[in-house]
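J.: What follows is a predicted structure for the sequence shown.
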Amino acid sequence: MRDMSLSSLWLRLVLVVRRMNPVVAGAATLALAVIVAIALMLKALLDLDEQYAAARRQAALPPSVPGAIAPPPPSADQNLAHFYASLGGRRNVDRQLKTLFALAEKNGLALRQGEYRSSQDRAGRFLTYQITLPVTGRYGAIWQFAFDALRALPHASLDDVGFRRDAIGSETVEARLRLTLYLAATPEGAR
């Protein structure tokens, strides 16, 4: 019975729409759409007002005390131990240089003979190995090489980068990168 009443209601609605003037039907549809849009906007405004009031109530509350106490910052001795643990191994300098050369080749750079200088910081009990590399290649490839080197050798620092281009239109750039490797002074710290 319910199916029959729905189908008869649908049939009556179709007949009424067919008898209407198309202009009047379009205007009625447009008016109905405007009414629905206004109703949705009013609901959105009410929701926004509710959210704004909730935010004001939350802001008026005193700041909450965190349940967990933050761990104390590391002591100077812990920081120093972490520093020494992060130093590179002085026995592996040749392997670290091979890593740099492999990264340069991977990035399509031409390496000319570099300058190498080792020094010791007696007060800090660590060694530094300064490497100056003249490279030639594309600007982006040079930067990619520098970032790859710092990722591969976390005990290294990029101290200086200088660029030179012979002509404005040239794609190749000459660069001079100065890296420093921080190495353990004692063989036990070597990795």
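T.: Everything's here; your move.

J.: Break the protein into its domains for me.
T.: By the assignment in automatic domain parsing, the chain contains the domains 2-60, 77-189.

J.: could you pull out the strands for this structure?
T.: 110-111, 115-121, 126-138, 156-164, 172-184 (DSSP state E).

J.: Would you mind giving those strands as TSV with mean neighbour count, distance to Asn21 and mean pLDDT added?
T.: (Glycine included, C-beta is placed from N, CA and C.) Formatted as TSV, the strands of the chain follow (neighbours: other C-beta atoms under 10 Å; distance: least, C-beta to C-beta, whole Å; pLDDT from 0 to 100):
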stretch	mean neighbour count	distance to Asn21	mean pLDDT
strand 110-111	14	81	85
strand 115-121	11	92	90
strand 126-138	18	71	92
strand 156-164	13	76	92
strand 172-184	20	75	92
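
J.: I'd like those strands written out as a markdown table, with distance to Pro73 added.
T.: Converted to a markdown table, these look like this (distance: least, C-beta to C-beta, whole Å):
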| stretch | distance to Pro73 |
| --- | --- |
| strand 110-111 | 42 |
| strand 115-121 | 25 |
| strand 126-138 | 23 |
| strand 156-164 | 24 |
| strand 172-184 | 23 |
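
J.: of all those, which lies closest to Arg95?
T.: strand 172-184 (11.3 Å; C-beta to C-beta).

J.: Flag every buried residue along the longest helix along the chain.
T.: Looking across the chain with DSSP state H, the single longest helix is helix 22-60. The neighbour-count criterion (16 or more other C-beta atoms under 10 Å) identifies no buried residues in helix 22-60.

J.: Determine which of the strands of the chain approaches Arg12 most closely.
T.: Across these, closest to Arg12 is strand 126-138 (C-beta to C-beta), at 75.5 Å.

J.: got the angle between the closest one and strand 156-164?
T.: Here strand 126-138 runs at an angle of 40 degrees relative to strand 156-164 (axes from the mean of the first three to the mean of the last three C-alpha atoms, to 10 degrees).

J.: helices or strands up against strand 126-138?
T.: helix 93-106, strand 110-111, strand 115-121, helix 139-152, strand 172-184 (3 or more C-beta pairs under 8 Å, 6 or more residues apart in numbering; DSSP states H and E).

J.: Let me have these in TSV, extended by distance to Arg18.
T.: Formatted as TSV, the helices and strands packed on strand 126-138 follow (distance: least, C-beta to C-beta, whole Å):
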stretch	distance to Arg18
helix 93-106	74
strand 110-111	81
strand 115-121	92
helix 139-152	68
strand 172-184	76
